[in-house]
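Return atomic coordinates for the entry below.
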Amino acid sequence: MDRRKFIKNSALASSLFFVPNFVKAFESVDTERLGYKRLVIVQLAGGNDGLNTIIPYNNDLYYNARPQLSITKDIIKLSDDLGFHPSLGPLRSLFDNGQLSIINNVGYPNPVRSHFRSMDIWQTASGSDEYLQSGWIGRYLDQYGKKPYNAMEMDEQLSLAMKGEHFNGLATNDYKVLYNTAKDPYFKNVLDHYNEAHLSEHDLGYLYQTMIEAKSSAKYIFETTEVKSSRESYPQNGFSKQLRNVAQFINSGLDTKVFYTSLSGFDTHANQNNKQTRLLSQYAESVAAFVKDLKQNGTFEDTLILTFSEFGRRVKQNAANGTDHGSANNVFVIGKNLKKAGFYNNLASLSDLDDNGDLKYNIDFRSIYASILSQWMNVSAEGIIPVEQNTLDFI
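As a prediction, the model looks like this:
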């Protein structure tokens with residue numbers, strides 16, 4: 001094998017992470033089914049400032065802690081005490097129609113303020129003192145991968161959340177490129193090389209076997225999705241493209257249970273207002289277009305959208321008109337038939353902060369995962385969420 005050719009094409013294989021026979025198991029399944037529940041995860045990477053996202057606009061402590069950073073104009077008032085950042089206007093109708101639940105004060109015990117470590121904790125559903133090598137979505141695939149469940153990430157690399165001990169998800173930001181790359185003669189050469197050697201599937205190297213299965217997977221995704229292009233108008237940004245692809249997959253009947261997307265840039269240590277305003281606009285406008293697309297195609301009812309960030313920010317602004325790493329934050333859940341829409345709970349007290357000046361958490365993020373697994377995806381959280389959690393009644 002040509003070494004340069006190997007390096008060029010192995011990037012595709014490394015983004016797929018399929019074990020032998022997993023793809024073939026779902027190619028013959030009829031995806032025209034009712035009640036096929038899907039989960040779309042949106043990760044706001046960098047630590048979004050939840051206190052300027054859901055604003056306690058009647059609380060003097062908020063304004064005193066943020067003399068330059070607090071939001072004072074055009075707040076979208078949702079209750080007598082809390083309101084949206086002005087950039088979240090496109091989500092107002094979802095809130096008013098009972099299709100958005102806002103869960104405040106979400107975190108975990110002994111919070112970690114490192115981006116990488118905290119993201120690992122959220123993605124693996126671990127405690128702050130344990131290190132897991134598999135993600136909660138990956139473990140979901142481990143248990144239920146015998147059936148045609150699959151997970152896709154709209155990126156070139158696969159997050160830890162999507163990696164299981166036996167099954168892993170697929171990462172691609174362009175299914176057409178995935179398909180065309182998989183048709184490269186290099187893949188046929190790999191297959192022929194091992195067939196000629198008369199090696200069993202067990203003897204095949206993991207990377208080589210992954211590349212072989214990738215061709216089958218890419219063909220299925222391309223042929224299933226190509227017939228249903230999205231007609232909805234989306235904003236022109238990278239995050240919006242991710243959601244447009246997800247909508248096309250969902251509306252095409254692609255046999256996928258979990259989609260993972262992300263929007264980065266929320267590490268706002270300096271000059272936060274302009275950065276967060278731009279990012280929240282991208283988020284809200286893109287999600288609104290995505291929901292409209294699903295509604296027009298009759299797929300919104302069976303889709304749940306979860307938005308999280310690895311931590312919130314400090315209550316008090318810093319000297320650079322930004323905020324430093326905090327802990328508890330808000331989580332958004334969007335769906336058609338939520339049991340408890342609007343504000344699931346009150347914002348934590350601004351007069352009773354933890355020792356680091358952060359909001360105190362009172363909802364463990366893993367209880368949200370457990371609730372989604374049991375109440376939305378109709379599976380047991382046992383073996384997926386490491387520690388038993390109480391479920392929340394929002395779905």
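
Following the chain onward from the helix or strand of the chain with the lowest mean pLDDT, which element is next?
None of the helices or strands of the chain scores lower by mean pLDDT, DSSP states H and E than helix 22-26, at a mean of 36. Going down the chain from helix 22-26, the next helix or strand is strand 38-45, by DSSP states H and E.

Buried residues of that next one, list them for me.
38-44 (16 or more other CB atoms under 10 Å). For glycine as for every other residue, the C-beta is placed from the backbone atoms N, C-alpha and C.

So which residue is dead centre in the protein?
Centroid-nearest residue in the chain: residue 41, 2.6 Å away (criterion: CA atoms, centre = their mean).

pretty sure it contacts residue 257?
No - Residue 41 lies out of contact with residue 257 (CB atoms under 8 Å); the separation is 11.3 Å.

can you pull out the helices in the protein?
3-14, 22-26, 60-65, 92-96, 115-124, 136-144, 175-182, 185-196, 206-225, 238-251, 272-296, 365-371 (DSSP state H).

List the residue ranges of the chain that fall below the pLDDT cut-off.
Residue ranges of the chain with pLDDT under 70: 1-35, 145-149, 186-216, 227.

deepest of the helices of the chain, which one?
Mean neighbour count (mean count of other CB atoms under 10 Å) peaks for helix 136-144 among the helices of the chain, with a mean of 24.

CA atoms of that helix as PDB?
Output in PDB follows, covering the C-alpha atoms of helix 136-144 (Å, rounded to 0.1, in the frame of the first residue of the first chain):
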ATOM      1  CA  TRP A 136     -22.800   8.200  27.400                       C
ATOM      2  CA  ILE A 137     -24.100   8.100  23.800                       C
ATOM      3  CA  GLY A 138     -21.400   5.500  23.000                       C
ATOM      4  CA  ARG A 139     -22.600   3.300  25.900                       C
ATOM      5  CA  TYR A 140     -26.100   3.800  24.600                       C
ATOM      6  CA  LEU A 141     -24.900   2.300  21.300                       C
ATOM      7  CA  ASP A 142     -23.100  -0.500  23.200                       C
ATOM      8  CA  GLN A 143     -26.400  -1.700  24.800                       C
ATOM      9  CA  TYR A 144     -28.800  -1.100  21.900                       C
END
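
Show the secondary-structure elements that it is packed against.
strand 151-153, strand 258-264 (3 or more CB pairs under 8 Å, 6 or more residues apart in numbering; DSSP states H and E).

export the buried residues of strand 38-45 to JSON lines and tack on distance to residue 380?
Formatted as JSON lines, these follow (distance: CB to CB, whole Å):
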{"residue": "38", "distance to residue 380": "19"}
{"residue": "39", "distance to residue 380": "16"}
{"residue": "40", "distance to residue 380": "22"}
{"residue": "41", "distance to residue 380": "20"}
{"residue": "42", "distance to residue 380": "25"}
{"residue": "43", "distance to residue 380": "25"}
{"residue": "44", "distance to residue 380": "29"}
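
which parts of stretch 258-267 are buried?
258-263, 266-267.

before we move on, the earlier item: now the helices and strands packed on helix 136-144 in a markdown table, with distance to residue 373?
Below are these laid out as a markdown table (distance: least, CB to CB, whole Å):
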| stretch | distance to residue 373 |
| --- | --- |
| strand 151-153 | 13 |
| strand 258-264 | 11 |
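
hang on, the earlier thing: and the residue nearest to the centre of the chain, what are its bridge partners?
Per DSSP bridges, the residues bridged to residue 41 are residue 260, residue 306.

what's it in contact with, if anything?
137, 161, 258-261, 305-308 (CB atoms under 8 Å, 6 or more residues apart in numbering).

Next one: residue 357 from residue 321, what distance?
17 Å (CB to CB, to the nearest Å).

How about the contacts made by the closest residue in space to residue 271 that isn't next to it in sequence?
Ranked by CB to CB, 6 or more residues apart in numbering and with sequence neighbours excluded, the top spatial neighbour of residue 271 is residue 321, at 5.6 Å. Residues near residue 321 by CB under 8 Å, 6+ apart: 68-69, 270-273.

ok, which pair from the residues you listed is furthest apart?
For the contacts of residue 321, the farthest-apart pair by CB to CB is 68 and 270; their separation is 11.8 Å.

Those two: which has the busier surroundings?
Each of residue 68 and residue 270 has its neighbours counted (other CB atoms under 10 Å); residue 270 has more, 12 against 9.

Might you calculate how far stretch 54-73 sits from the centre of the chain?
29 Å (CA atoms, centre = their mean, to the nearest Å).

how long is it end to end?
Terminal residues of stretch 54-73 are spaced 14 Å apart (CA to CA, to the nearest Å).

what does that stretch contact?
Under CB under 8 Å, 6+ apart, the answer for stretch 54-73 is 51-52, 75, 77, 80-86, 102, 104, 272-273, 315-317, 321-323, 330, 347, 350-351.
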